[in-house]
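>>> Got a predicted structure plus its sequence, pasted below:
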Amino acid sequence: MKKIIGALLASQLVFLANVNGQRAINADFNKPQGKLNTTFNACVGAGRANEGLRADWQQQLEYVKKECGFKYIRMHGLLTDDMAVYTEDAKGNPQYNYMYVDVLFDFLHRIGMKPFVELGFMPNALASGSQTIFWWRGNVTPPKDYNKWQGLIRNLVQHFTERYGTDEVKSWYFEVWNEPNLSPGFWTGTQADYFKLYDYSVKAVKSVNPAYKVGGPGTAGAAWVPDMINHCSKNNVPIDFISTHSYGVKQGFLDEHGNSGTVLSSDSLAVSGDVLNSRKQIAQSALPNLELHYTEWSASYTPADPVHDSYHEAAYILEKLKQVGHAANSMSYWVFTDIFEEPGPRFTPFHGGFGLLNIQGINKPAFYSYQFMNKLGQTELANSDTRSWVCKNDKGGVQLLFWDFTHTLPDSVNDQAYYIKDLPAKAKGRVKVNLSHLPAGKYTVEIYKVGYRVNDAYTGYVDLGRPGQLNRQQVEKLKQQNGSPVAVQQIEIKPNSTYSREFDIRENDVVLVNLIKR
């Protein structure tokens, strides 16, 4: 609770400083705070496994991995029928096949990423019912035979071990199911049925190697965390991590098409408050040292919310990650690409999809938040400003990333009506930067920015008249308009001098200052 109150007060102080136009960021090269927390790029989400067999999906992931540094990836549908993992012969004997899974996981291995393996959904031949979710029909019913489910999971994990080696698979995570608390949407069973599924799953994984990491419950809305821990501790069931989800909107439910009118919450601790509370629940439990992984998070839980395309999303991402701090072991942004077909294939290039990139691979503003964070050096410098990071690397360079976050959504207006507009940003004053005791020498200073009409592909799309389809020239034009520094200059730092500069800042601007020592 003290942390939450402190975060609120700090946020109010930054707001007051901006109103007065007096915001300052001061850092000393010789005063490190510690190793930079890289929770931000520990993991990223993707729609479903079968989409990972597409060439454009793979090209985009390789690009995002290179630019943003993501280490793990999590997706739905690994066991769904379009991955051809499980069937039964005429006598009901299980038949296993991992050819499609191997293509996907071999690709991940080649580009240096690891799977955060979500065990779901139910293969139809193993399902107890016919209820499905999404256009691609993921079966959400419990297994008709829990022993056969256990056999499938054991065989799958043994296959991974044989193909990639024990040491590699020890570094993976196995998460049982997705959002079982949203019943009957993602799970037609009860909580007790989910715990039974978990018990059989963890037994299967640990039977291959007790050191393999298994957890759950992968719930929506940060639910079931104490329940999950209590179940495992009271029944002596292994669990290595807690996983759950949080989104920043306050209405709508499984709204694939955005028809309910989602509304971005004005709560200053939306998302981050859930994460802080989950960490508190773990700390007060019988298993206080469990890892915490938020395996889905974003501003909104519908792939038809234009806030995802807006420049506002870039500042939103940074705001929430800064508030979370060290409370989570990973914060997996949902998702890296608009190649995402829960509601079916999309018919327009900007439709409010979850992705950091749109279907054609155009960088959205959200992409730059992760790219900029990935440019930060390994060591964070002490800095009292709550909406910035100042870091240094082992080459003597310094990086400053700062932003404004302003909730501008009017009352009684939903995201779908507001964020589709051309939304000019209001001025928020000036930011004075003072970086002292930098090593003397010559530097290249690169200044990058995201904000209204700067690395703002969606507004560029609005300028084109919001065409239903983009031709090749339009795609290239939007790509060329985005990605370059807004300024590059050469400077020399004298001994014992300070790098000082003032920046004008607008609502929801994001600025990266990268001083590269030559």
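In hand now; what should we look at? Every value quoted in this text rests on a predicted model; they were computed, and no experiment measured them.

>>> before we move on, what SS does the closest residue to Tyr164 other than its chain neighbours have?
Spatial nearest neighbour of Tyr164, chain neighbours left out: His109 (6.7 Å); criterion: CB to CB, 6 or more residues apart in numbering. All C-beta atoms are positioned from the backbone trio N, CA, C, and that covers glycine. With DSSP: H, G, I helix; E, B strand; the rest coil as the basis, His109 sits in helix.

>>> Just give me the neighbour total for His109.
15 (other CB atoms under 10 Å).

>>> same deal with Phe121?
Look at Phe121: counted by other CB under 10 Å, it has 27 neighbours.

>>> residues contacting the residue nearest to it when sequence neighbours are not counted?
Once flanking residues are discounted, Phe121 sits nearest to Gly138: 3.8 Å by CB to CB, 6+ apart. Residues near Gly138 by CB atoms under 8 Å, 6 or more residues apart in numbering: 48, 76-77, 80, 120-121, 132.

>>> Relative to Lys392, which of the residues you listed is nearest.
Distances from Lys392 to the contacts of Gly138, taken as CB to CB, are shortest for His76 (39.3 Å).

>>> what's across from that closest one in the sheet?
Assessed by DSSP bridges, His76 has beta-bridge partners Arg48.

>>> gap between it and Pro345?
16 Å (CB to CB, to the nearest Å).

>>> Neighbour count for these two, which is higher?
His76 (26 against 9).

>>> doesn't Phe160 make contact with the residue nearest to Tyr164?
No: contact status for His109 versus Phe160: not in contact, 10.7 Å apart, counting by CB atoms under 8 Å.

>>> Skip the chain neighbours and tell me the closest residue to His407.
Using CB to CB, 6+ apart, the closest residue to His407 is Ser266 (5.1 Å).

>>> what secondary structure does the one you found sit in?
Counting by three-state DSSP, the backbone at Ser266 sits in coil.

>>> quick one, helices of this structure?
With DSSP state H as the criterion, the chain has helices at 2-19, 55-68, 99-110, 146-164, 166-170, 191-208, 225-234, 272-283, 312-324, 365-374, 415-418, 457-463, 472-480.

>>> picking that back up, show me what the residue nearest to Phe121 is bridged to.
Ile133.

>>> Likewise for Phe116?
Counting by DSSP bridges, Phe116 is bridged to Tyr173.

>>> Could you count how many residues lie near Asp89?
9.

>>> Kindly report the same for Ile229.
Neighbour tally, Ile229, other CB under 10 Å: 21.

>>> Not counting its neighbours along the chain, what's nearest Tyr98?
Using CB to CB, 6+ apart, the closest residue to Tyr98 is His159 (5.4 Å).

>>> Help me confirm that that neighbour comes into contact with Met99.
No: under the criterion of CB under 8 Å, His159 makes no contact with Met99, lying 11.0 Å away.

>>> which one of those two has more residues nearby?
His159 (16 against 9).

>>> Tell me the spacing between that one and Pro143.
His159 is 19 Å from Pro143, by CB to CB.

>>> Okay, now the unreliable bits of this protein?
By pLDDT under 70, the low-scoring segments of the chain are 1-21, 252-258.

>>> residue ranges for the strands of the stretch 401-518 of the chain, please.
Taking DSSP state E, counting those that start in this stretch as the test, the strands found in the stretch 401-518 of the chain are 427-436, 441-450, 487-493, 498-506, 510-517.

>>> what's the angle between the last one and strand 441-450?
Between the axes of strand 510-517 and strand 441-450, defined by axes from the mean of the first three to the mean of the last three CA atoms, to 10 degrees, the angle is 160 degrees.

>>> What lies in contact with strand 510-517?
The contact list for strand 510-517 (CB under 8 Å, 6+ apart) reads 314-315, 318, 365, 368-369, 372, 375, 395-403, 431, 433, 435, 438-439, 441-451, 499, 501, 503, 505.

>>> Work out which residue lies at the spatial centre of the chain.
The centre of the chain sits closest to Tyr333, judged by CA atoms, centre = their mean, with a distance of 1.0 Å.

>>> residue contacts, it?
Contact analysis of Tyr333 by CB under 8 Å, 6+ apart lists 44-45, 297-298, 317, 356, 366, 370.

>>> Can you tell me which of those residues comes closest to Ser171?
Relative to Ser171, the closest of the contacts of Tyr333 is Val44; by CB to CB it sits at 16.6 Å.

>>> Next, the contact list for the residue lying closest to that closest one once chain neighbours are set aside, please.
Leaving aside its chain neighbours, Val44 sits nearest to Phe70 (4.4 Å; criterion: CB to CB, 6+ apart). If you count contacts by CB under 8 Å, 6+ apart, Phe70 has them with 41-44, 64, 113, 336, 370.

>>> ditto for Pro410
Going by CB under 8 Å, 6+ apart, Pro410 touches Tyr418.

>>> any idea how far it is from Tyr368?
From Pro410 to Tyr368 the distance is 26 Å (CB to CB).

>>> Same question for Ser330.
Taking CB to CB as the measure, Ser330 falls 20 Å from Tyr368.

>>> neighbour-wise, which of the two wins?
Between Ser330 and Tyr368, counting by other CB under 10 Å, Tyr368 is the more crowded of the two (27 against 23).

>>> My read is that that one contacts Ala457, right?
No: the criterion here is CB under 8 Å, and Tyr368 misses it with Ala457 at 10.1 Å.

>>> Just give me the neighbour total for Leu321.
Leu321 has 24 neighbours, counted by other CB under 10 Å.

>>> Return the residues in contact with the nearest residue to it once chain neighbours are set aside.
In space, and not counting its chain neighbours, Leu321 is closest to Phe40: 5.1 Å by CB to CB, 6+ apart. The neighbourhood of Phe40, defined by CB under 8 Å, 6+ apart, consists of 321, 331, 370, 373.

>>> cutoff 10 Å now
Residues counted as contacts of Phe40 (CB atoms under 10 Å, 6 or more residues apart in numbering) are 68-70, 317-318, 320-322, 324, 330-333, 369-370, 373-374, 376.

>>> Could you check how far it is from Tyr448?
Separation of Phe40 from Tyr448 (CB to CB): 17 Å.

>>> What of Gly361?
19 Å.

>>> go on, Asn124?
Asn124 is 48 Å from Tyr448, by CB to CB.
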